[in-house]
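S.K.: Build me a structure from this.
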Amino acid sequence: MRIDQENETSIDFCMLDYPCSYLPTEKTRMFYRYIREADKGIVTDLIKRGWRRFGCYFFHPICAGCNACKSLRIDAENFTLSKSQRRVMKKNRDTLIHIRKPGMTREHLDLYNRFHRYKSETSDWQYTPVTPHLYYENFVDGAHDFGKEVLYFIDDRLVGVDLIDITDDGISSIYFYYDPDYAKYSLGTYSLLIQIQFARQLGLEWIYLGYWVEGCRSFAYKMNFRPMEILDGFPPLEEEPQWRLLA
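M.R.: As a prediction, this is how the structure comes out:
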């Protein structure tokens with residue numbers, strides 16, 4: 001569609017099966033498209049069809065015999081705050097926010113590793129310290145003019161980093177990590193509420209949340225942001241995706 005000479009502008013490949021992070025008894029296989037110079041148009045087309053982006057790599061699952069991964073997007077225009085979400089906004093009334101092009105500092109790396117170490121202790125995540133090379137490849141490279149990071153500060157301390165893409169019709173949530181010492185601020189919820197505010201200010205309809213797998217505890221929070229739509233499968237670029245309202 002927007003990739004006119006695919007062999008010259010992108011490289012498609014898939015990985016061998018590996019244990020699924022969401023369903024412990026299943027195996028995962030990912031299909032990748034490497035695009036060195038992606039523009040906002042192709043990013044929009046891929047994200048609205050269920051693809052995700054890390055760096056220059058766009059991907060979606062192609063698992064044999066399993067289609068548990070569904071794509072979700074929040075209707076930003078019609079979203080209304082719940083009582084608990086209003087409390088989160090109130091708790092963060094003094095939280096400072098700065099949005100900019102993604103970067104990498106020692107502060108980023110230390111915070112990322114502290115968050116993942118905490119998750120390994122509380123949610124059984126596998127912990128491997130991130131290297132500068134891997135962090136740059138996943139979260140800085142490939143951002144071009146559409147990728148941003150939203151930095152959260154409390155008491156002049158960096159306490160959260162939200163990686164996002166701003167597409168033609170919405171905001172794609174890439175990854176968020178935070179300081180476990182500030183867990184009482186519910187920064188994960190707060191970051192999504194701020195994304196919804198950004199989308200409204202920019203006249204964008206959707207917040208693309210990535211995948212949801214029924215029964216996966218890590219994704220349970222996504223159900224707290226209604227109304228939202230769900231997409232089955234990953235339609236090709238020449239087909240319009242059939243999103244439907246999630247009841």
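
S.K.: Show me where this structure has its helices.
M.R.: All helices of the chain, identified by DSSP state H, fall at 6-9, 40-47, 83-91, 106-122, 132-135, 187-202.

S.K.: Least reliable of those helices by average pLDDT, please.
M.R.: For the helices of the chain, mean pLDDT drops lowest on helix 6-9, to a mean of 54.

S.K.: ok, back up a step: tell me which of the helices of the chain lies nearest to Ile174.
M.R.: Proximity to Ile174 (CB to CB) singles out helix 40-47 among the helices of the chain, at 10.0 Å. Glycine gets a C-beta too; all of them are placed from N, C-alpha and C.

S.K.: now for that closest one, which elements pack on it?
M.R.: Where contact means 3 or more CB pairs under 8 Å, 6 or more residues apart in numbering; DSSP states H and E, helix 40-47 is packed against strand 52-54, strand 157-166, strand 170-178.

S.K.: by how many degrees do that helix and strand 170-178 diverge?
M.R.: 80 degrees (axes from the mean of the first three to the mean of the last three CA atoms, to 10 degrees).

S.K.: Compute the inter-axis angle for helix 40-47 and strand 157-166.
M.R.: Relative orientation of helix 40-47 versus strand 157-166 (the same axes, to 10 degrees): 90 degrees.

S.K.: Tell me, what's the model's pLDDT at the residue nearest in space to the middle of the chain?
M.R.: Of all residues in the chain, the one closest to the mean position by CA atoms, centre = their mean is Ile174, 2.3 Å from it. If you check Ile174, the pLDDT there is 98.

S.K.: How about Asp124?
M.R.: With respect to pLDDT, Asp124 has a value of 75.

S.K.: Quick one: residues contacting it.
M.R.: For Asp124, no contacting residues are found, by CB atoms under 8 Å, 6 or more residues apart in numbering.

S.K.: what about it, distance to Glu214?
M.R.: 19 Å (CB to CB, to the nearest Å).

S.K.: can you list the weak-confidence ranges in the protein?
M.R.: Where the chain drops to pLDDT under 70, the residues are 1-8.

S.K.: give me every residue that touches the closest residue to Pro236 other than its chain neighbours.
M.R.: Sequence neighbours aside, Arg49 is the residue nearest to Pro236 in space, at 7.7 Å (criterion: CB to CB, 6 or more residues apart in numbering). Arg49 makes contacts with Leu231, Phe234, Pro235, Pro236, Leu237, Pro241, as judged by CB under 8 Å, 6+ apart.

S.K.: again with Ser21
M.R.: Contacts of Ser21 were listed using CB under 8 Å, 6+ apart, and they are Thr28.

S.K.: Which phi and psi values does it adopt?
M.R.: Torsion angles at Ser21 (phi, psi; degrees, to the nearest 10) stand at phi -80, psi -20.

S.K.: Leu246 is in contact with Glu229, isn't it?
M.R.: Yes - taking contacts as CB atoms under 8 Å, Leu246 lies within contact range of Glu229: 6.1 Å.

S.K.: Find residues that contact each of the two.
M.R.: Leu72.

S.K.: Any idea how many residues pack against Ala68?
M.R.: Applying other CB atoms under 10 Å, we find 16 residues neighbouring Ala68.

S.K.: Quick check: closest non-adjacent residue to it.
M.R.: Leaving aside its chain neighbours, Ala68 sits nearest to Val213 (4.9 Å; criterion: CB to CB, 6+ apart).
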